[in-house]
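**Q** Predicted structure and sequence below. I'll ask about it afterward.
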Amino acid sequence: MYSAAYTNENHHAERVDFLTNRDKSPSKKRTTGVVIGVLLGVLVLAAVAAFLIWFFAFKDATEGGRISKRRAGAVQVFSGHLTLENVEYDQKLEDTLSPEFGALADDLEEIMAATYKKDPFLAEYYTKSVITAFSEGVVAYHWTQFDIPPSDLEVLPEFTEELIQEKLWTGVQEHGRKSRQNIQIKEVTASYTDPRMARNSRAQECFSRLEATDVVQAFHSPGFPVKYPAKSRCQWQIRAPENHAISLRFTQFHVEDDCSNDFVSIYDSLSPDSSQAITEKCGQRPPSNPLQVVSSSNILLVNLITDSSTQRPGFRAEYSLIPISTPKSCGGLLTNVQGEFSSPHHPSFYPPALDCKWTIQVAAGQKVRVKFNMFRMKEPGVDVRECHKDYVEVMGRKYCGELSSLSLTSPTNTMDISFHSDESYTDKGFIATYNAFNPKDPCPGLFACAVGICIAKDLKCDGWNDCGDMSDEMDCKCEKEQFACDNGMCKPNYWVCDRVNDCGDDSDEKQCSCGDNEWRCGDGTCVPQDVVCDTRKDCEDGSDEASCKVSPGICSDYSFTCKDKSCVNKVNAECDRVADCSDESDETNCDCGIRPYKLNRIVGGQNAELGEWPWQVSLHFKTRGHTCGASIISDRWLLSAAHCFKTISPENHMASSWQTYSGMQDQTKQAGVERRGLKTIVSHPDYNPMSYDYDIALLELSEPLTFSNTIHPVCLPAPSHVFPAGLPCWVTGWGTLREGAMRASRLLQKAEVKIINDTVCNVVTEGQVTSRMLCSGFLSGGVDACQGDSGGPLVCFEESGKWFQSGIVSWGEGCARRNKPGVYTRVTKLRDWIRTTTGV
Ligand code: 4AZ
């Protein structure tokens, strides 16, 4: 099995708010000079004016983004640093309350004020300049605020970083020389800054100075672990001794989900300037995916901004010093036959401003194969075709962004891998393995894909793209039971005319057209054209009604039926965040199918993370431990398979024989797990133990569940919900890791499987599937549910951002066998029974 999990990570998108034109009410000319009318008008105008003055002058303006909107205008803040040439560094400068800090900060603030006040354009909007810190160098950290009145908002585009940098550079040269201390400044930087982060460190309010040592120390957000206050503006300056870096690890992190309201931002500087931002994060992170960053030098700045009214617990963070990363301390020569290497400090975010180079050198005559098992170097505003910021470069090509898999082979016995991170934004980086291989026999006993990976020989020309680059499906001589595509590939005969373009060039679907006045159903059969969209299902699979714009009120099998019985003819209308029914019943009961934790997107192997599948339940039978899976559909009801309960032993159908465990990932760990007994087991009355038809059961819990980060219901699809063939979905469970194994898995497993076309499903199961079943998996085998997964969910992610349960693990011929996919109970077919039985 191979897999990649989904995350919903939000990035704080800088918000640029411009003032809207205020409505001007047209003044009505009165020709009559009725004095009372005029007086009344004056009174009304005075009242409106008084209200507007109150509203704009006293009511708190909402701020956000680098240009923040106050009702009275806009605020522009630039921050950065000044490197001073002729000033001796004094440790006392680190204490913002010391006279030394005060004297130098005052001088620099004056120089900056003079710079801006002498500029004819900027003087008009200049408000203040503040020095917030000093570090060795001597480096002074500053910010400057400009306030632009509503009447002048059109000047906003002129406030560019280039303009401020240029004015600051020339101004501080001139005014520095004239200053008391004759301060010489050799470098200036200034970048856009969110005004909410412009803080005066001398004011000390929610401001801390921390010293990193080799002993791990901690700090936390105000109010942690209960809740942080609304409208917080907090800053932590962390320093370490010279020639050290700082490692910062958030052991707990729970900030509001919308990053434009509340977020934590971290800078590789003591100024919050965007050019040195390491990252900005919000949301909730599980213990398995802590946020960890590393500075490039001995300073780090952490900001907490909270604007929402939904206050969360906040964070606790640990910090300590570590050796500084240099090009010498990362990279190097790798000469083993095989090995592993990773970006600096992985799984922590790599440090900014660092270059490393690895050279892999293997025996002469051999070649090098490198496989990146995890790769994430994502940065806002970066085109992954160019990778102009952080990247890995191999054989003249730059890689950045997020890659699910990347394998590369060298043309010689050496391979150079260069890593580059610039000053701003870092990420988790990568882990890679390498090995030497003999180019004459790159994959002993296996087939060598062009991408450099090896696959089993019998996967060649089997109709499946096992290599990922199609190289195993090229130059094939088709067998009797295979169809020869025009492009040289071979596909199983029963894939022809199944309405899926399996060849890639449509040649398997070209010859299948029906007569002129006919419509071809999804399963290839032909029906008269005039039955299409007649609100009756004529094709076995209903495809004749699947994409009809039926006039409202006319219902077909493919319509979503609203509570008031009206119909919406839209595919998968329920819980898609758009109210389609006039009574909005398609968007009610939609607190489902989300994963409260922000999860790590890149996870190797098949172990699930804690909270990744919060609807998954483990069912324990008597003293025998985990026996079946189930899913949470409400705080009182679970969904499972009837065959777990309807066995020859009556004990299986007794509620008292079962215990349910929700919020579990590891069968040996109880923390955060909710155990419930069962009140009732309702197996479907039509369940057939011979054919496994109607293999569905509903379990009522003895006590309701309390939802949490790790316990949350899945969304149930409406009967009209479509899960098309080829859709990638996920099956989860503690079932055995291979066919015939005796023991269930200790850790929850996950596997990505694809929905299989019903015709193909019927062929490979030799007609054993009914309309209450669906197939999912890979006909090439290798990925599947297995014993002990029964009753567990098959879930598919919808674009609306929610997970819907399409199937219940039911049966299959063995596990992960070739041409024997997993068979699942089709939830859409039994959705109405679930509602009538449970009310859910
Ligand atoms: C089982 O015995 C079982 N490969 C579940 C799923 C599958 C096979 C067996 C599908 O619970």
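**A** Okay, I see it.
**Q** neighbours of the residue of the chain found nearest the ligand, just the number please.
**A** Of all residues in the chain, the one sitting closest to the ligand is residue 812 (2.7 Å; CB to the nearest ligand atom). All C-beta spots, glycine's among them, are computed from the backbone N, C-alpha and C. By the other CB atoms under 10 Å criterion, the neighbourhood of residue 812 contains 25 residues.
**Q** Which residue comes closest to it once chain neighbours are left out?
**A** residue 822 (4.5 Å; CB to CB, 6 or more residues apart in numbering).
**Q** Burial check on residue 700, number of neighbours?
**A** Per other CB under 10 Å, the neighbour tally for residue 700 reads 17.
**Q** going forward, begin numbering at 636 instead of 1
**A** Happy to do that; since the first residue is 636 now, the last one works out to residue 1335.
**Q** Can you verify my assumption that it contacts residue 1269?
**A** No: look at residue 1335 against residue 1269 with CB atoms under 8 Å: they stay out of range, at 9.9 Å.
**Q** what do these two both touch?
**A** Shared contacts of residue 1335 and residue 1269 (CB atoms under 8 Å, 6 or more residues apart in numbering): residue 1473.
**Q** immediately after the lowest-mean-pLDDT helix or strand in the chain, which helix or strand?
**A** Every helix and strand of the chain was ranked by mean pLDDT, DSSP states H and E. The lowest is strand 702-705, at a mean of 44. Going down the chain from strand 702-705, the next helix or strand is strand 708-719, by DSSP states H and E.
**Q** Could I get the CA-only coordinates of that next one as CSV?
**A** Coordinates of the C-alpha atoms in strand 708-719 are reproduced here as CSV (Å, rounded to 0.1, in the frame of the first residue of the first chain):
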residue,chain,number,x,y,z
GLY,A,708,-8.3,55.6,6.2
ALA,A,709,-5.5,53.1,5.7
VAL,A,710,-2.4,52.1,7.7
GLN,A,711,0.8,51.1,6.0
VAL,A,712,3.6,49.6,8.1
PHE,A,713,7.1,48.7,7.0
SER,A,714,9.6,46.9,9.1
GLY,A,715,13.1,45.7,8.8
HIS,A,716,16.6,46.4,10.1
LEU,A,717,19.4,48.9,10.1
THR,A,718,23.0,47.6,10.4
LEU,A,719,25.1,50.2,12.3
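**Q** That one: what's the following helix or strand?
**A** The C-terminal neighbour of strand 708-719 among helices and strands, as given by DSSP H and E, is helix 734-752.
**Q** Name the strands paired with whatever helix or strand comes next after that next one and say parallel or antiparallel.
**A** Proceeding C-terminally, helix 734-752 gives way to strand 761-770 as the next helix or strand, assigned by DSSP H and E. When sheet partners are counted by DSSP bridges, strand 761-770 sits next to strand 774-783 (antiparallel).
**Q** Measure how far the strand it pairs with is from the centre of its chain, please.
**A** 34 Å (CA atoms, centre = their mean, to the nearest Å).
**Q** and if you look at stretch 1258-1271?
**A** Here stretch 1258-1271 shows a centroid-to-chain-centroid distance of 28 Å under the convention CA atoms, centre = their mean.
**Q** Tell me if that stretch is near the ligand.
**A** No: remark: stretch 1258-1271 sits outside contact range of the ligand, by CB under 6 Å from any ligand atom, the gap being at least 7.6 Å.
**Q** list the buried ones in that stretch?
**A** Judged by neighbour count using 16 or more other CB atoms under 10 Å, the buried positions of stretch 1258-1271 are 1261, 1262, 1263, 1264, 1265, 1266, 1267, 1268, 1269, 1271.
**Q** Pipe those into TSV and attach secondary structure per row.
**A** Formatted as TSV, the buried residues of stretch 1258-1271 follow (DSSP: H, G, I helix; E, B strand; the rest coil):
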residue	secondary structure
1261	strand
1262	strand
1263	strand
1264	strand
1265	strand
1266	strand
1267	strand
1268	coil
1269	coil
1271	coil
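**Q** For those, give me TSV that also has pLDDT.
**A** Formatted as TSV, the entries for those read as follows, by pLDDT from 0 to 100:
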residue	pLDDT
1261	97
1262	97
1263	97
1264	98
1265	98
1266	98
1267	98
1268	98
1269	98
1271	98
